[in-house]
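Sequence first, then the predicted structure, then my questions.
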Amino acid sequence: LKMETKNSLKKIASILNEGDNIFIFPHIMMDGDALGSSAALCRVLRSFGKRAWILIEDSVPDYLKFLDEDFCTYDDTLIRDPEICIAIDCSDLERLGKRGGIFANGRTSISIDHHATFEAFAHVNCNDSSFASSAEMVYELILEMNGPATAEVAEGLYTGIITDTGNFQYSNTTAMTLRRASALLDWGLDHQRLIVEIYQSMRPERVKLNGRALWEMELFSEGKGAIVSVTRSMLAETGAVMEETEGISEALRNIKGVEISVLLKEWEPKLTRVSLRAKTVGNVAHIARAFGGGGHVKAAGCTLEKSIEESKELLKAAIEEHIKGLTFQ
Ligand SMILES: [Mn+2]
């Protein structure tokens, strides 16, 4: 049975309008889009007098902490019998981590997502990869709900938009993305403050780790592939944590001629997390899928139960193969 994946946001708005006890689920290892969209929606639901919480299982990254104004909880008993469970920015059930069972307990479950590799897992699914961010879908949802157009709601949505488009650099950026962003500025959003919170509040350890890791980058496939590893020992050397590798694969992709960049993270001795980025014609969702992962055409990821060295060889071979099949303009 193939599930309907293109339910309308209008339909979701009417379901949310009917419910009073709502759990929101961003994906594990939340990013700016998952948490920003969730925070905006949570705020709107509460403004209507509903009980809404963002149920999480891992920590809120430092650069996003400003978004959590008592929205996030680890306590799944806060709402005993949720009428609605809504997943945001989750391409499949695995992205809910250990919360899958709680999600399924919702009398109505909803999923809003913009990943190209979506697999329906809720009662009501709305997946549309023409949106650059889930935040833009939630923006449209909030309009359908006649939610308050305030600076506070705009903050979460704008965070989702800028982080998922690389500040409007990525090819997923559309005219509609810019129109929505523009509308959010009209809502009174403090753009400068947001940029400082998200991008200009790094720990010095993080900047050091970036430099340490990038120093050992390797180019392959005649300079079209670039790969870098972050090992546990680099963390010890610099005092940074693994979450502070965000942005390293983008930095690699900035190199002239590089089409595909890879960041390998030594999560455990036999567990390597991989971030993949493509620049123009490459499709990293395709590569990630071959290793059981997924994501977007130009930004994807996967996890290998292998050492960082073994993972590196496997990824390099797969990317080399992929690059050979590409036609560059
Ligand atoms: Mn997203």
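Noted; the coordinates are in hand.

give me the number of residues near the residue of the stretch 201-329 of the chain found nearest the ion?
In the stretch 201-329 of the chain, no residue comes nearer to the ion than residue 296, which is 8.0 Å away by Cβ to the ion. Backbone N, C-alpha and C define where each C-beta goes, glycine included. Close neighbours of residue 296, defined as other Cβ atoms under 10 Å, add up to 25.

tell me the contacts of it?
Contact analysis of residue 296 by Cβ atoms under 8 Å, 6 or more residues apart in numbering lists 115, 116, 129, 172, 284, 285.

So which of those wins on neighbours?
Neighbour counts for the contacts of residue 296, by other Cβ under 10 Å, peak at residue 284, which reaches 30 neighbours.

so what's the residue nearest to residue 255 when sequence neighbours are not counted bridging to?
Counting by Cβ to Cβ, 6 or more residues apart in numbering, residue 226 is the residue found nearest to residue 255 once chain neighbours are left out, at 5.9 Å. Going by DSSP bridges, residue 226 is paired in beta bridges with residue 219, residue 261.

need the contact list for residue 226.
217, 218, 219, 220, 252, 253, 255, 258, 260, 261, 262.

which ones are touching the closest residue to the ion within the chain?
Closest residue of the chain to the ion, Cβ to the ion: residue 33 (3.4 Å). For residue 33, the contact set (Cβ under 8 Å, 6+ apart) comprises 89, 133, 134, 135, 159, 160, 161, 163, 164.

Could you count how many residues lie near the nearest residue to the third one once chain neighbours are set aside?
On the basis of Cβ to Cβ, 6+ apart, the spatially nearest residue to residue 134 that is not a chain neighbour turns out to be residue 89, at 4.0 Å. Neighbouring residues of residue 89 were enumerated by other Cβ under 10 Å; the total is 29.

quick one on the thing from earlier: may I see the contacts of residue 296 organised as TSV, with secondary structure and pLDDT added?
As requested, the contacts of residue 296 are exported to TSV (DSSP: H, G, I helix; E, B strand; the rest coil; pLDDT from 0 to 100):
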residue	secondary structure	pLDDT
115	coil	93
116	coil	87
129	coil	94
172	coil	92
284	helix	97
285	helix	95
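
So of those, which two are at opposite extremes in space?
Taking Cβ to Cβ as the measure, those span a maximum distance of 14.3 Å, between 129 and 284.

Can you tell me which residues in the stretch 51-200 of the chain are near the ion?
89, 134, 164 (Cβ under 5 Å from the ion).

Can you check the pLDDT for the last one?
Residue-level confidence at residue 164 comes out at 95, pLDDT.

Compute the number of surrounding residues for it.
Other residues lying near residue 164 total 27 when counted by other Cβ under 10 Å.

got the phi/psi numbers for the spatially closest residue to it that is not a sequence neighbour?
Distances taken as Cβ to Cβ, 6+ apart place residue 133 nearest to residue 164, at 3.8 Å, with adjacent residues excluded. Reported as degrees, to the nearest 10, the phi and psi values for residue 133 are phi -150, psi 160.

Pretty sure residue 133 sits against residue 168.
No - using Cβ atoms under 8 Å, residue 133 is not in contact with residue 168, being 11.0 Å away.

which of those two has more neighbours?
Between residue 133 and residue 168, counted using other Cβ under 10 Å, the more crowded position is residue 133 (30 against 13).

What residues does that one make contact with?
Residue 133 sits next to 33, 37, 114, 160, 161, 163, 164, 165, 172, 177 when contact means Cβ under 8 Å, 6+ apart.

switch to 10 Å and redo it
If you count contacts by Cβ atoms under 10 Å, 6 or more residues apart in numbering, residue 133 has them with 31-34, 36-37, 89, 114, 139, 157-165, 172-173, 177, 180-181.

What pLDDT does the model give it?
98.

do you know how far it is from residue 210?
24 Å (Cβ to Cβ, to the nearest Å).

can you check residue 260 too?
Taking Cβ to Cβ, one finds residue 260 at 19 Å from residue 210.

higher neighbour count, the two?
Neighbours were counted for residue 260 and for residue 210 using other Cβ under 10 Å; residue 260 has more, 31 against 21.

burial of the closest residue to that one other than its chain neighbours, as a residue count?
Nearest non-adjacent residue to residue 260, counting by Cβ to Cβ, 6+ apart: residue 282, 4.8 Å away. As a burial measure, residue 282 scores 26 neighbours (other Cβ under 10 Å).

what residues are up against the nearest residue to residue 191 once chain neighbours are set aside?
Excluding the flanking residues, the one nearest residue 191 by Cβ to Cβ, 6+ apart is residue 185, at 6.3 Å. Going by Cβ under 10 Å, 6+ apart, residue 185 touches 151, 154, 158, 191.

what do you get for residue 232?
Applying Cβ under 10 Å, 6+ apart to residue 232 gives the contacts 242, 265, 266, 267, 268, 269, 308.

Got the phi and psi for it?
Residue 232 adopts backbone torsions of phi -60, psi -30, taken as degrees, to the nearest 10.

So for it, what's the pLDDT?
Residue 232 is given a pLDDT of 97.

ok, now residue 249?
92.

close enough to count as contact, it and residue 225?
No - using Cβ atoms under 10 Å, residue 249 is not in contact with residue 225; the gap is 12.0 Å.
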